[in-house]
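1. coords please:
(one chain, ligands or ions: 2)
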Amino acid sequence: MRAVVPFDADRPKTRLADVLDERERSTLARAMLADVLAAVRAAGGEPTVLSTAPVDVDAPVRVDDRALTPAVNDALADAGPDRPVAVVMADLGLATGDALADLFDADGEVVIAPGRGGGTNALAVGHPEFRVDYHGLSYRDHRRIAEAAGASVSVVDSQRLSTDIDEPADLVELLLHADGRATAWLRDAGFELAVEDGRADVVRSR
Ligand SMILES: Nc1nc2c(ncn2[C@@H]2O[C@H](COP(=O)(O)OP(=O)(O)OP(=O)(O)O)[C@@H](O)[C@H]2O)c(=O)[nH]1
Ligand SMILES: C[C@H](OP(=O)(O)O)C(=O)O
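-> Ligands and ions are numbered 1, 2, ... in the order given. Purely as a prediction, here's the structure:
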């Protein structure tokens, strides 16, 4: 399966600004990108990074400085039943080969892995007329777009694929459930799990 991995190389992960400075956000985002590329390959996928700017990474990079939706739609232009294309976000810090294989192998002309909160964390598209429309309630929007195109839809029920690392609380998930480069970097940067007022949290010791 060809897999496009969108990556904002310019100002990634701004919602983590309360806990990481700009350079750290960039480093964490690149570590997650490397982890996602490894997971795509472990699932038998062939990844291409769709980046807003050149990025030094072990995969082919296609630079497209347009917004996410038009850039991904361009990458979907030749998708079809015999040439499916997956779109896997670069901030899926818990993604594994097994989890992505469930996406790649699912039946359906449009396979959706929803994100918690209404987004779309990963897609596999085998229908020529399906197009994306990201942000907001994109999971609901993508179901409607698929329906309007006459495409069959299936949904992947996956804790790993439903978790994108957007906000400080999501760092708990990385420390608890992942062991790739991003988790190693977080630990090196001094982050550790904690319980604050009975709730899981992360604290930074240095
Ligand atoms: N190619 C491309 N990828 C993007 C763009 N915006 C976001 N992405 C990527 O799309 C995925 C989902 O991004 P978001 O979580 O919505 O945004 P983000 O930039 O990672 O984080 P925030 O700044 O906190 O919203 C991540 O893999 C981003 O790197 C864009 O304009 N172009
Ligand atoms: C790309 C976008 O991600 P979010 O902004 O919801 O993290 C979406 O899933 O539509």
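
2. Excluding chain neighbours, what is closest to V202?
-> L171 (4.7 Å; CB to CB, 6 or more residues apart in numbering). (C-beta placed from N, C-alpha, C; glycine too.)

3. Pretty sure that neighbour sits in a strand.
-> No. Using DSSP: H, G, I helix; E, B strand; the rest coil, the secondary structure at L171 is helix, not a strand.

4. right, and it touches V19 too?
-> Yes. Between L171 and V19 a contact is recorded at 7.3 Å, counting by CB atoms under 8 Å.

5. longest helix of this structure?
-> helix 22-42 (DSSP state H).

6. Quickly check: that helix near ligand 2 or not.
-> No. Taking CB under 6 Å from any ligand atom as the criterion, helix 22-42 and ligand 2 are apart, separated by no less than 12.8 Å.

7. Now do the helices in this protein.
-> For the chain, applying DSSP H gives helices covering 22-42, 68-75, 97-105, 138-148, 159-162, 170-177, 181-188.

8. will you turn these into JSON lines that also has mean neighbour count?
-> Shown next, in JSON lines, are those (neighbours: other CB atoms under 10 Å):
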{"stretch": "helix 22-42", "mean neighbour count": "20"}
{"stretch": "helix 68-75", "mean neighbour count": "17"}
{"stretch": "helix 97-105", "mean neighbour count": "19"}
{"stretch": "helix 138-148", "mean neighbour count": "17"}
{"stretch": "helix 159-162", "mean neighbour count": "19"}
{"stretch": "helix 170-177", "mean neighbour count": "18"}
{"stretch": "helix 181-188", "mean neighbour count": "18"}
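
9. Out of those helices, which gets nearest to V132?
-> Proximity to V132 (CB to CB) singles out helix 68-75 among the helices of the chain, at 5.0 Å.

10. returning to what we had before: overlap in contacts of L171 and V19?
-> Residues touching both L171 and V19 by CB atoms under 8 Å, 6 or more residues apart in numbering: V202.

11. show me the contacts for the residue nearest to T69 when sequence neighbours are not counted.
-> Of all residues not flanking T69 in the chain, Y134 sits nearest, at 5.0 Å (CB to CB, 6+ apart). By CB under 8 Å, 6+ apart, Y134 lies in contact with 68-69, 72, 119-120.

12. Please apply the same query to D164.
-> Applying CB under 8 Å, 6+ apart, we find D164 in contact with 89, 91-93, 115-116, 119, 121, 170.

13. re the thing from before, ligand 1 is nearest to which of the helices of the chain?
-> In terms of CB to the nearest ligand atom, the element of the helices of the chain nearest to ligand 1 is helix 68-75, at 3.9 Å.

14. any idea of the mean pLDDT in the closest one?
-> Helix 68-75 shows a mean pLDDT of 98.
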